[in-house]
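> pasting the structure only:
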Ligand code: SAH
């Protein structure tokens, strides 16, 4: 059986219990070496064969999977964060479907969740925004035109931008067209790793601050008024608001 597993954002304690159990059982692990914390490989048994997919192409990854598969082995494909976000997991699953090879997906803690934890913020604040956009700016990989940064920024929702911190100047300029220049923005570098860094500014100031700290990769840009302090209290814990689990108190 093949297991696609979300390794979590970095801290090895942030893999799920289910994911860790499979790592311990694995006969083969193919891990995304550029971002997965190598500490996680310590859970593997001595005889486990370990491959770093950073040095492999899709065909080579599938080759390892199919050559080991027939023999009742436990094969783990370890992706960073959660594999459903920029994981390039779909192309692997489709090939496995074609070959009739079975697999399961075990989710992980995405880096955008670790970033909120590091910032100690909530992405969905009542009266501010109830929407979270996960996106990237086009670089070597294109983004459909209808998802331009300007179009998404016009909603003034919470926006989390992956894979783009090296283009922070252009990104901030384009974000300003929707949010306004004084909107708060934070850059979270290596959320949950020991070297985690948080840079806070506005769309006007962030470029200089990020350049000063020389952050060029493994960071998320998060923007929106959820970073501010104006919001309404939630209905969920409002004593005059009744719901399924609680009736009104006087
Ligand atoms: N599947 C992953 C994302 C993979 S794309 C997830 O769910 O998190 C790789 C990008 O994710 C990086 O360029 C960076 O923008 C972001 N990223 C991954 N780990 C991160 C971390 N610990 N802190 C901040 N950003 C991270």
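Cool, the structure landed. Predicted model, so just to flag it, every value in this text is computed and none were measured.
> so where is the chain shaky, pLDDT-wise?
248-250 (pLDDT under 70).
> and it, which of its residues are near the ligand?
9-10, 35, 80-82, 85-87, 110-111, 114-115, 162-163, 188, 190-193, 217-220 (CB under 6 Å from any ligand atom). Yep, even glycine has a C-beta here, placed from its N, CA and C like the rest.
> apply 5 Å and report the result again.
9-10, 80-82, 85-87, 110-111, 162-163, 190-191, 220 (CB under 5 Å from any ligand atom).
> could you identify the most distant pair in those residues?
Pairwise distances among the residues of the chain next to the ligand were taken by CB to CB; the largest, 18.4 Å, belongs to 87 and 190.
> rewinding a little: between the residues of the chain next to the ligand, which is closest to the ligand?
residue 81 (2.1 Å; CB to the nearest ligand atom).
> contacts only, for the closest one.
If you count contacts by CB atoms under 8 Å, 6 or more residues apart in numbering, residue 81 has them with 6-9, 35, 87, 108-112, 114.
> now do the helices in this protein.
Here the chain has its helices, by DSSP state H, at 17-25, 58-69, 90-99, 111-119, 149-153, 168-179, 206-212.
> grab the nearest non-local neighbour of residue 125.
Nearest non-adjacent residue to residue 125, counting by CB to CB, 6 or more residues apart in numbering: residue 231, 4.0 Å away.
> contacts only, for residue 154.
177-178.
> kindly recompute the last result at 7 Å.
By CB atoms under 7 Å, 6 or more residues apart in numbering, the contact set of residue 154 is residue 178.
> now, the most widely separated pair of the contacts of residue 81?
Using CB to CB, the two most remote members of the contacts of residue 81 are 87 and 114, lying 15.7 Å apart.
> so who does the closest residue to residue 143 other than its chain neighbours touch?
Distances taken as CB to CB, 6+ apart put residue 136 closest to residue 143, at 6.5 Å, once the chain neighbours are dropped. If you count contacts by CB under 7 Å, 6+ apart, residue 136 has them with 143, 161-164.
> per-domain residue ranges of this protein.
Per automatic domain parsing, the structural domains of the chain span 2-106, 111-227.
> can you map out the strands along the protein?
2-6, 28-31, 49-52, 75-79, 103-106, 132-136, 158-162, 184-189, 197-202, 219-223 (DSSP state E).
> would you reformat those strands as a markdown table and include distance to residue 39?
Listed next are the strands of the chain as a markdown table, based on distance: least, CB to CB, whole Å:
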| stretch | distance to residue 39 |
| --- | --- |
| strand 2-6 | 15 |
| strand 28-31 | 11 |
| strand 49-52 | 13 |
| strand 75-79 | 12 |
| strand 103-106 | 18 |
| strand 132-136 | 26 |
| strand 158-162 | 23 |
| strand 184-189 | 19 |
| strand 197-202 | 19 |
| strand 219-223 | 20 |
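> any idea how many residues pack against residue 124?
By the measure other CB atoms under 10 Å, the count of residues near residue 124 is 14.
> how about the one 5 residues further on?
Other residues near residue 129 number 19, with proximity taken as other CB under 10 Å.
> which residues does the nearest residue to it once chain neighbours are set aside contact?
Once flanking residues are discounted, residue 129 sits nearest to residue 157: 4.9 Å by CB to CB, 6+ apart. By CB under 7 Å, 6+ apart, the contact set of residue 157 is 129, 131-133, 224.
> which of the residues you listed ranks first by neighbour count?
residue 224 (27 neighbours).
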